[in-house]
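*Asks:* What would the 3D arrangement of this be:
(2 chains)
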Amino acid sequence: MGMQGDFYQLLKEQGYVFGVPGQAGAGQELTTATTILAFKYRDGVLVAGDRRATAGNMVMYDRTDKVLEIDRHSVMAIAGVPATAYEMARILEHSFKYYRRTQLQELSFEGKLRALSKLLKDNVAAALAGTGAVVPIFAGYDAEQETAKIYFYDILGAEFEGVEYAVSGSGSPTIRGILHYLNTWGEQPLSAMPEGLATIHALRLLTSAAEFDSATGGVNRDAGLYPVIKFITAGGVRTMPDPQLRSLFEANVSRSL
Amino acid sequence: MYEEPYRWVEAVGNRRQYLDEQFKQGSPVVGVAYETGILLMTMNKGTPKLYEVYDRLGLGGMGHPADLEKLRFNLLEMAHVEGFNRSPSDVTGGRLVKYGIAPVIKQAFEEVFKAPFIVKILLVELGQKSGKDSFLTINYDGTFEEKSRYAVLAASSAIEQEMTAYLKQQPIASLEEAIGSAIRTLALGDRAQRHALEEGGEHGDVRTGSDQQPVDSETLYAHMRQCLADKTIECALLDRQMQGPTKYRTISLDELGKVLPGHLVTPLT
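*Replies:* Below you'll find the predicted structure:
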């Protein structure tokens, strides 16, 4: 018998096999690439992601949602191969629900972190073969410690806490430096920023990433395409609606006016 | 000794008697649909009897806690594996009951050399729109019934009928009305069960109604106050207005206190 309330174990017992075999498709151009970021602001954690999916130098899709709400208090932002990442998100979503409903208590924040780590570990063969590499950020509200937290992972499943911020994806090197600069020598540290200002910075960061990384989609005002930005606070996960993103962008990011 | 057919029929008959006896002390369960959701209510002595099964599915049970737990896990496994492999909208109460647990309960009931499940189950499913809700009850022998506005579990089918007849007359639109009606129906059922116990002796569903007299609300609330000396009200909602896919939530006593009739609040808190 497996661990009590373990949905992933239950799936396996029913014959489910996770991921793609390591060799399949190696050498093909796979759908990948992204910029995702998360940082702590005054009320909790902000998680943001652009919306472009590419295969090699081709843009596949411009409406990808890379910031996925796993439950009311946690979010997984994905960088890497979407097929594997979405599958992981779906397993996590059902695992947390299944745990809560069978055990009649919420899975601890640490338990949630481990669950994602386990999935990444089971995906190592595919990740090393280049067919299923996923480098996620996991952020959520830790009810025990009464604070929102950020974790980032490598493809082998190691988890690291992003004490102030975390970035991932092909566009991330650009904004990692900006985040460091902003947090250290900006007018105020990221963790002191109110929601509006934090959102403005997230939009500027993603726009910068798109400037230097062809695989990161920026803002497309004609099509009304803005990044996905979510906030995690004690009250749960909330998404910033597009009209608000538009007005913040037009007033504070675009200089064409 | 049960090899011959008539012996088997006799054994199943004995089993019914035995099982009917097991439910006499239990608290009834009430499920009613109101405008924006479904209310589930029962009483317990510390162990919960209402559970979340899936995004839009809730469960109430009577009987042996270990049996209820086993079937609840069966339902949870089926629902989650189905929801993951297909889609959450393919997880329906009807399928879970008809192809899932009803056959399991029936088989256990008829295998007279093994122990039966000592449970009655109420599975409620919140529809996408109001009026599309469904209520499924499963008896200890695996027979199930489907209704659309309300359903109850009680010690005997006579008492269940009495309770549903009462519920049928209640105007239920708001949550407040649903809570009031559920409390009175619960009290009505509990009262009938106690009467049946006192008269005792006779097996089966001998009694119907409290001398066929309609019971007034005051009497029912007074009875409920009595019950609350050693039990607490347990209450859960499938709330269509809740954000996100999960619609199940429990109602705390504090929250219940705010919508309860004034004279019931005091003994609750």
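*Asks:* Going along the chain, name the strands of the chain.
*Replies:* Chain wasn't specified; assuming chain A. A:31-32, A:36-41, A:44-49, A:53-55, A:58-61, A:67-71, A:74-77, A:137-142, A:147-153, A:159-161, A:165-168, A:228-233, A:236-239 (DSSP state E).
*Asks:* nope, chain B
*Replies:* Applying DSSP E to chain B gives strands spanning B:29-34, B:37-44, B:50-54, B:57-63, B:119-125, B:134-138, B:144-147, B:150-153, B:232-239, B:248-250.
*Asks:* of the ones you listed, which approaches chain A most closely?
*Replies:* When the strands of chain B are compared by C-beta to the nearest C-beta, strand B:50-54 sits nearest chain A, at 5.0 Å. C-beta here means a position set from N, CA and C on the backbone, and glycine is covered the same way.
*Asks:* how much space between residue A:61 and residue A:50?
*Replies:* 12 Å (C-beta to C-beta, to the nearest Å).
*Asks:* The two: who's more crowded?
*Replies:* Shown here are residue A:61 and residue A:50; by other C-beta atoms under 10 Å in any protein chain shown, residue A:50 has more neighbours (30 against 13).
*Asks:* Surely that one is in contact with residue A:216?
*Replies:* Yes - using C-beta atoms under 8 Å, residue A:50 is in contact with residue A:216, at 4.9 Å.
*Asks:* all helices in the stretch 1-150 of chain A, in order from the N-terminus.
*Replies:* Ranges of helices in the stretch 1-150 of chain A, per DSSP state H, counting those that start in this stretch, are A:7-13, A:82-103, A:109-122, A:124-129.
*Asks:* Then chain B?
*Replies:* Assigned helices in chain B, in chain order: B:5-22, B:65-85, B:93-95, B:102-110, B:157-169, B:175-199, B:217-227, B:253-259, B:262-268 (criterion: DSSP state H).
*Asks:* Switch the ones you listed over to TSV; also include mean neighbour count.
*Replies:* TSV is the format used below for the helices of chain B (neighbours: other C-beta atoms under 10 Å in any protein chain shown):
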stretch	mean neighbour count
helix B:5-22	13
helix B:65-85	18
helix B:93-95	17
helix B:102-110	17
helix B:157-169	18
helix B:175-199	20
helix B:217-227	16
helix B:253-259	13
helix B:262-268	13
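*Asks:* Now tabulate the ones you listed in a markdown table and tack on distance to chain A and mean pLDDT.
*Replies:* Formatted as a markdown table, those follow (distance: least, C-beta to the nearest C-beta, whole Å; pLDDT from 0 to 100):
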| stretch | distance to chain A | mean pLDDT |
| --- | --- | --- |
| helix B:5-22 | 24 | 92 |
| helix B:65-85 | 5 | 97 |
| helix B:93-95 | 15 | 96 |
| helix B:102-110 | 17 | 97 |
| helix B:157-169 | 27 | 96 |
| helix B:175-199 | 22 | 94 |
| helix B:217-227 | 24 | 92 |
| helix B:253-259 | 17 | 84 |
| helix B:262-268 | 22 | 63 |
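*Asks:* Which pLDDT value belongs to the one residue in the stretch 101-250 of chain A that gets nearest to chain B?
*Replies:* Closest to chain B within the stretch 101-250 of chain A is residue A:101: 5.0 Å, counting by C-beta to the nearest C-beta. Reading off the confidence values, residue A:101 has pLDDT 97.
*Asks:* Check the burial of it by counting its neighbours.
*Replies:* Using other C-beta under 10 Å, the number of residues around residue A:101 comes to 24.
*Asks:* Dump the helices of the stretch 1-150 of chain A into TSV; add distance to residue B:240 as well.
*Replies:* Listed next are those as TSV, based on distance: least, C-beta to C-beta, whole Å:
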stretch	distance to residue B:240
helix A:7-13	26
helix A:82-103	19
helix A:109-122	28
helix A:124-129	41
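*Asks:* which stretch in these is the model least sure about?
*Replies:* It's helix A:124-129: among the helices of the stretch 1-150 of chain A, that one has the lowest mean pLDDT, namely a mean of 91.
*Asks:* mind checking the end-to-end distance for stretch A:150-170?
*Replies:* Using C-alpha to C-alpha, to the nearest Å, the end-to-end distance of stretch A:150-170 comes out at 19 Å.
*Asks:* re earlier: save the strands of chain A as a markdown table, and put in mean pLDDT and distance to residue A:121 too.
*Replies:* Putting those into a markdown table (pLDDT from 0 to 100; distance: least, C-beta to C-beta, whole Å) gives the following:
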| stretch | mean pLDDT | distance to residue A:121 |
| --- | --- | --- |
| strand A:31-32 | 68 | 20 |
| strand A:36-41 | 98 | 21 |
| strand A:44-49 | 98 | 23 |
| strand A:53-55 | 91 | 25 |
| strand A:58-61 | 91 | 28 |
| strand A:67-71 | 96 | 18 |
| strand A:74-77 | 98 | 16 |
| strand A:137-142 | 98 | 14 |
| strand A:147-153 | 97 | 10 |
| strand A:159-161 | 97 | 11 |
| strand A:165-168 | 97 | 18 |
| strand A:228-233 | 98 | 25 |
| strand A:236-239 | 96 | 26 |
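*Asks:* okay, those strands in TSV with distance to chain B next?
*Replies:* As requested, those are arranged in TSV below (distance: least, C-beta to the nearest C-beta, whole Å):
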stretch	distance to chain B
strand A:31-32	22
strand A:36-41	21
strand A:44-49	17
strand A:53-55	22
strand A:58-61	21
strand A:67-71	8
strand A:74-77	13
strand A:137-142	15
strand A:147-153	18
strand A:159-161	24
strand A:165-168	25
strand A:228-233	13
strand A:236-239	8
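*Asks:* And those: which comes nearest residue B:21?
*Replies:* Among the strands of chain A, the nearest to residue B:21 by C-beta to C-beta is strand A:67-71 (43.2 Å).
*Asks:* Contacts for the closest one next, please.
*Replies:* Contact partners of strand A:67-71, identified using C-beta atoms under 8 Å, 6 or more residues apart in numbering or on different chains, comprise A:36, A:47-49, A:75-78, A:86, A:89, A:92-93, A:96-97, A:112, A:140, A:228-230, A:237, A:239, B:244.
*Asks:* Can you select the buried ones among the residues you listed for me in PyMOL?
*Replies:* Buried residues among the contacts of strand A:67-71 (16 or more other C-beta atoms under 10 Å in any protein chain shown), as a PyMOL selection:
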select buried, chain A and resi 36+47+48+49+75+76+77+78+86+89+92+93+96+97+112+140+228+229+230+237
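*Asks:* List the residues that contact residue B:135.
*Replies:* Residue B:135 makes contact with B:31, B:33, B:122-125, B:146-151, according to C-beta under 8 Å, 6+ apart.
*Asks:* from the chain's centre, how far out does stretch A:34-50 sit?
*Replies:* 8 Å (C-alpha atoms, centre = their mean, to the nearest Å).
*Asks:* Can you lay out the helices of chain B as a markdown table showing distance to residue A:105?
*Replies:* Listed next are these as a markdown table, based on distance: least, C-beta to C-beta, whole Å:
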| stretch | distance to residue A:105 |
| --- | --- |
| helix B:5-22 | 29 |
| helix B:65-85 | 14 |
| helix B:93-95 | 25 |
| helix B:102-110 | 27 |
| helix B:157-169 | 32 |
| helix B:175-199 | 26 |
| helix B:217-227 | 28 |
| helix B:253-259 | 19 |
| helix B:262-268 | 24 |
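*Asks:* Which one of those lies nearest to residue A:136?
*Replies:* Among the helices of chain B, helix B:65-85 sits nearest to residue A:136 (C-beta to C-beta), with 19.1 Å.
*Asks:* Buried residues of stretch A:222-241, list them for me.
*Replies:* For stretch A:222-241, the buried set under the neighbour-count rule, 16+ other C-beta under 10 Å, comprises A:225-233, A:236-237, A:240.
*Asks:* Check stretch A:119-132 too.
*Replies:* Under 16+ other C-beta under 10 Å, the buried positions of stretch A:119-132 are A:119-120, A:122-124, A:126-127, A:129, A:131-132.
*Asks:* which pair in the residues you listed spans the largest distance?
*Replies:* Longest span within those, C-beta to C-beta: A:119 and A:129, 16.7 Å.
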